Structure formats: C-alpha cells, structure tokens
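Asks: A predicted structure for the sequence below; I have some questions about it.
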Amino acid sequence: MHAVETVLLVLLLGALTGIVARYIRAIPLPLIQIALGALIAWPQAGLHIAFDPELFLLLFIPPLLFADGWRIPKREFFALAKPILLLALGLVLFTVLGLGYLIHWMIPEIPLTVAFALAAVISPTDAVAVSAITRNLGMPEKTMHVLEGESLLNDASGLVALKFAIAATLTGMFSWGEVAKEFTWMAVGGLVVGTLIGWGFSHARGTITRRLGDVAATQMVLLLVLLPFAAYIVGEKIGVSGILAAVAAGIATNFADLERSSYISERLQTEGTWSMVEAAFNGAIFLLLGLQLPSIIGVPLHQAGHDWWILVGYVAAISFALLLMRWIWLVLGVHGSLLRAHRQGKMSERPSPLLNLATTLAGIRGAVTLAGALSVPMLLNNGQPFPGRDMLVFLATGTILFTLVIGAVGLPIVLRHLPPHEESPTVREERLAREQACMAAMAKLTLSEEEVLRRDPEWVAMRQEVNGHLTQEYRNRIQLLDDGSGAAQSIELLREAPEVVRQRKLRYVMEIETRIECIHAERDFYYAERQAHRINDESLRSLVSELDMQEIAMRKRLAVARRAAGLPKSETSAHQH
C-alpha cells in the first residue's frame, strides 16, 4: 500500500477507535488499538508496514513529549523533582543492571550486553497508556504528576542506556567512566539546547506579536507545532538527547506563555491543535504497534528450539521481574522522598502499600520501548547477525502487552480500594482563585473621583447603574453570560420609544464593554496567581479558557450591539459617541 494511503488509514482508524472506546469503557483505548492493528495485519494478505525506528522517533515522540512538557504542572514538577528523578534515573539504572543479569541468567543464549540492551529498552514507562487506563478511576492527582514527570525523563535515560549497551555489543568495550561522561553530556546538553530553542522561539514570537497582535495566531501555532521537531533534530545533530531537548523546549515555551495573557485567538488555537495532534499521534503509535505484532511474534516462534509456551513464560517472568523491581525501588528508594513531600504539603496523598502497588502497576511500557527495540541494528561491525536481536524485539513487545494487560486489569481494582482522599488541593485553589478574581473584577468596577469629575453626569449615572448590576452578579458568584438571558432581555427592552431605546442601547453597549474589562481583570489576576505559584498550570488553563470563551462571546455581542446603537466598530466607550 502506498505510504500516503497507509498514513491516512492509520489516522482514520485512530479516530474511529477513539470513538469506539467511548462506548466500550471496560477496555482501555491502547488495547483496542493494538488489537485492531494486529487484526488487520495478521492474515497473509493483511496490511504490512515497514517500520523505520528512526523515522518513528522523529515523527511521533518529539511532539508528544513536547506537549507533555508544555502541559505538565511546573509547580508540581519542580516540587516533586526528587522522587521524579529517583524514578527516571535511579530506577532505570537499577532496572538495567538487575534485569540485565536476570535475563542473561534465564536465557543464556542472549549475551550479557544484549541482555542489558533489552533491560534498557523496557525501562521507560508510557504515561499516555497510564492516563488512558486510569481516566475517571481516581488515580491520586500528585501521584499522576510523578508518573508524568517520570515518563518525561526516563525515555532519554533508557535510550542512552540502550545506546551504550549496543555499542558494547558492537565493539566489545565498555567503560563506566565513559558512560557517566556521555550521559551527562547528552542529558545536560539536551536540556540546554531545548531550553535555548524554546526561549528563542518565544522571544521571536513575542517581538512579532507585539507588532502584529493576534492576527498572526494561525502562523504562530503552526510554528509552535514544528518547534519540537526542530529541538529534536538540532539536539540529535550535535550529539545530545533530542528527546530531552523536545521536553525542555515544551517547558520553556510554557513559561513564556505566562506573559501572553491577552492573545486569546492564539491560545484557543494552540489548545485545539495540540489536542488533535496528541489524539492522532497516540492512536497511530498503538495501531503501528499492533501492525508489527504478527511479524514480531512470528520470527521467534519459527526459530528452532523455542516452543511458544517457553517464550510466553520468558515474557511473563521478565514482566513480573520488571514490576517487582519497580515495587522494590518504590519501597526502598522513593518511599522516604514521597513521605517527606507529603509532610511538606507538596503531595496531598500519603504513601501507603496500596498506593505503592498502584504506582507499580502504572509502570506500563509503550511506544518508546517498541521504537528502541526495533532500532537495534541487524548486523555487527564484522557483518555477523546481531546476537539475539529477534528474541530481544519479541520479548520487548511481549513486555509492552503484558504490562498493558496487567495495568488494565489490576489498576482499577487497586484504585477502588484506595482510601477516599481529601478534596484535591487544586480544586480548593481554583475555588479560592475564582472568588478572589471576582473581587478583582469588583475592584475594577469602582469609579475613581477623577473619573467621576472628568465624565458628564449622564455617563456617570449610566456607568454606576451598570457597575451596580455587575457587582451584584459577582457577589452572587454568577458566571458571566452563563445562559444568555441578558441578551434576550435587552432585545425586549429595545422595543420602546426611540430616545429610550437609544439610551438602553448605549447602556447595553457600556455593560458589555464593562464586562470585558472585568474579564481582563480576572484573567490578569489568574496569571498573577500562577506566577506566584498559588495555582498550577492545569488550573490556569482551565480558568483562563472559561474567560476566553466568555470574551469571544462578549466581543461578538458587542459588535452587534454597537451596530444596533449606530456606533462605529471602535471599542471606545459609548459615551464618546
């Protein structure tokens, strides 16, 4: 099948399975997509796609990791940095060493360096699959933030470990000093490159939009979508981690967005575009995994000396060992750090055996594991076949499926038995922010003595009437334009004597303009709260999105009201006309 037709088919199936998953809630979306991909590829005449791991890593991983870095709450990410680093770096090293020796002992035909390569491949977790499985199941909020932060960073550490394991297999040489030096260079260099690219883009975007305003929103969003690819490519070209570069670019861009509160159109287009990109790419990843299954499973099954049940036993043993090592590391290495975070108020949920078990089962493997396994070279430097490559790819794929199924079955059971946790701090913060934003808007409604003296009495009386009406709304904490009844009432009021009609039209225009001013005051307050770390990024996006939608509706209504009042399109106040 032509490559373009294949891409279109994969995107179509990804969208359709996303719809189907809304009806079949008992089965997580990744499992549906993997099963469908395997189904359409299994027959001899089925769909077969040549999988290029380097192209896969370039096309799919950077935008998804950029989006994760852009969306993840930065306050929680930095507050929980220690447990996140212990999982993203310490657990990867623990897994590579412990599981590598176990695999070599269990399957002697796999050389030790290849066993380390397999352990490195299956060390990164997949937050996409975890969120798909735990959606609406009540995974504690801060625990989910730790899992997201872990998956952001352990992709790079796992792939770096894989690189050195492959190099040791190809050359027969290995040095811990070289590994430490190279890892530091790749990790720090990737973070620096991504930060510089993200900062440079944000600076250029700010310069342009200060001149053009929001009219270039579509072009800016397009450039933003291309940014993770640029960060990844530049990072890989200079020999650092392209994955960490994409993550750092996303984080840097998010920080810059805190200074762009007034660009409504760009913000709405960005949210919609990234939601579509994430849905399309996530679906494509798991469908491509399913499409590879028949060819991956078929090779070891046809090799001499390997019965299917032995291979399945290897997969089960490696998967259980992987989860056991994760549990041990959580209990012995991370529990104390999580407990201190809880005591310091950085983590609302207290670490417990059940929570540790849920975090263990959330160690699901996914797209990066598959891409890493398939990136293992076919041949050694001397032209001989890479030892155990087919077995490595098979075991890595089996581990992905096994951890997905274990997580899909076990996580809902464990999460249902977790004790009911207190109200989320984020919910409390949002509620407090809403109340204080209302107070900020009410402060905006107070006319200064200078304003009263400068305006004519008719305008002052009209404005005070509007202010009193809006102040009462805020006092009752009624959402602005919640039901559109204000517009209907205004239309009815316009059916009066001409002079009365004009006054009511002018009053209505003034009311809308004043509402927009209040929206600006609320939005500025929310951004100030985020910069002061009193709310997080998720809360900021949620609260600002509501105000953006309100302002768009208000501006459309204002344009209609100004035309009805015979006023020009300028947004100056009605008293000037």
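Replies: All right, it came through fine.

Asks: so where's the stretch 201-350 of the chain uncertain?
Replies: 298-306 (pLDDT under 70).

Asks: can we see that at 80?
Replies: For the stretch 201-350 of the chain, the stretches flagged by pLDDT under 80 are 213-216, 259-262, 294-308, 342, 345-349.

Asks: do the stretch 1-150 of the chain as well
Replies: Screening the stretch 1-150 of the chain residue by residue with the criterion pLDDT under 80, one finds the ranges 1-7, 21-22, 24-28, 42-57, 127-139.

Asks: That one: helices as residue ranges?
Replies: Here the stretch 1-150 of the chain has its helices, by DSSP state H, counting those that start in this stretch, at 3-23, 29-41, 53-59, 61-71, 74-79, 81-85, 91-106, 112-121, 127-134, 141-171.

Asks: winner for burial among those?
Replies: helix 112-121 (a mean of 26; mean count of other C-beta atoms under 10 Å). Quick note: C-beta positions are derived from backbone N, CA and C, even for glycine.

Asks: Run through the neighbouring helices and strands of that helix.
Replies: In terms of contacts (3 or more C-beta pairs under 8 Å, 6 or more residues apart in numbering; DSSP states H and E), helix 112-121 is packed against helix 91-106, helix 141-171, helix 367-374, helix 389-417.

Asks: residues making contact with it?
Replies: Defining contact as C-beta atoms under 8 Å, 6 or more residues apart in numbering, one finds that helix 112-121 is touched by 92, 95-101, 103-104, 107, 110, 158-159, 161-162, 165-166, 168-169, 174, 369, 372-373, 376, 386-389, 392, 395-396.

Asks: Likewise for stretch 511-526?
Replies: The set of residues that contact stretch 511-526 without belonging to it, under C-beta under 8 Å, 6+ apart, is 261-262, 433, 436-438, 440-441, 443-445, 463, 466-467, 469-470, 474, 480-481, 486, 535, 540, 543-544, 547-548, 550-551, 554-555, 557-558, 561, 571, 573-574.

Asks: Which among those count as buried?
Replies: Of all the contacts of stretch 511-526 considered here, the ones buried according to neighbour count by 16 or more other C-beta atoms under 10 Å are 261, 433, 437-438, 440-441, 444-445, 463, 466-467, 470, 474, 480-481, 486, 535, 540, 543-544, 547-548, 550-551, 554, 557-558, 561, 573-574.

Asks: Among those, which lie within helices?
Replies: 433, 437-438, 440-441, 444, 463, 466-467, 470, 474, 486, 540, 543-544, 547-548, 550-551, 554, 557-558, 561 (DSSP state H).

Asks: Reformat the helices and strands packed on helix 112-121 as JSON lines; add distance to I32.
Replies: Formatted as JSON lines, the entries for the helices and strands packed on helix 112-121 read as follows, by distance: least, C-beta to C-beta, whole Å:
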{"stretch": "helix 91-106", "distance to I32": "28"}
{"stretch": "helix 141-171", "distance to I32": "21"}
{"stretch": "helix 367-374", "distance to I32": "16"}
{"stretch": "helix 389-417", "distance to I32": "11"}
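
Asks: Tell me which of those lies nearest to A41.
Replies: Judged by C-beta to C-beta, the one of the helices and strands packed on helix 112-121 that comes nearest to A41 is helix 389-417, at 13.1 Å.

Asks: Could you give me the buried positions within that closest one?
Replies: Judged by neighbour count using 16+ other C-beta under 10 Å, the buried positions of helix 389-417 are 389-404, 406-408, 410-412, 414-415.

Asks: Give me the packing partners of that helix, helices and strands only.
Replies: Under the contact criterion of 3+ C-beta pairs under 8 Å, 6+ apart, the helices and strands touching helix 389-417 comprise helix 29-41, helix 112-121, helix 127-134, helix 264-302, helix 308-329, helix 353-361, helix 367-374.

Asks: can we see that at 10 Å?
Replies: Helix 389-417 makes packing contacts with helix 29-41, helix 91-106, helix 112-121, helix 127-134, helix 264-302, helix 308-329, helix 353-361, helix 367-374 when contacts are defined by 3 or more C-beta pairs under 10 Å, 6 or more residues apart in numbering; DSSP states H and E.

Asks: For P62, which of those is the nearest?
Replies: helix 264-302 (10.0 Å).

Asks: now the angle between helix 308-329 and that closest one, please.
Replies: Regarding helix 264-302 and helix 308-329, their directions subtend 130 degrees when assessed with axes from the mean of the first three to the mean of the last three C-alpha atoms, to 10 degrees.

Asks: Just give me how far helix 264-302 sits from the chain centre.
Replies: Averaging C-alpha coordinates over helix 264-302 and over its chain gives two centres that are 14 Å apart (C-alpha atoms, centre = their mean, to the nearest Å).
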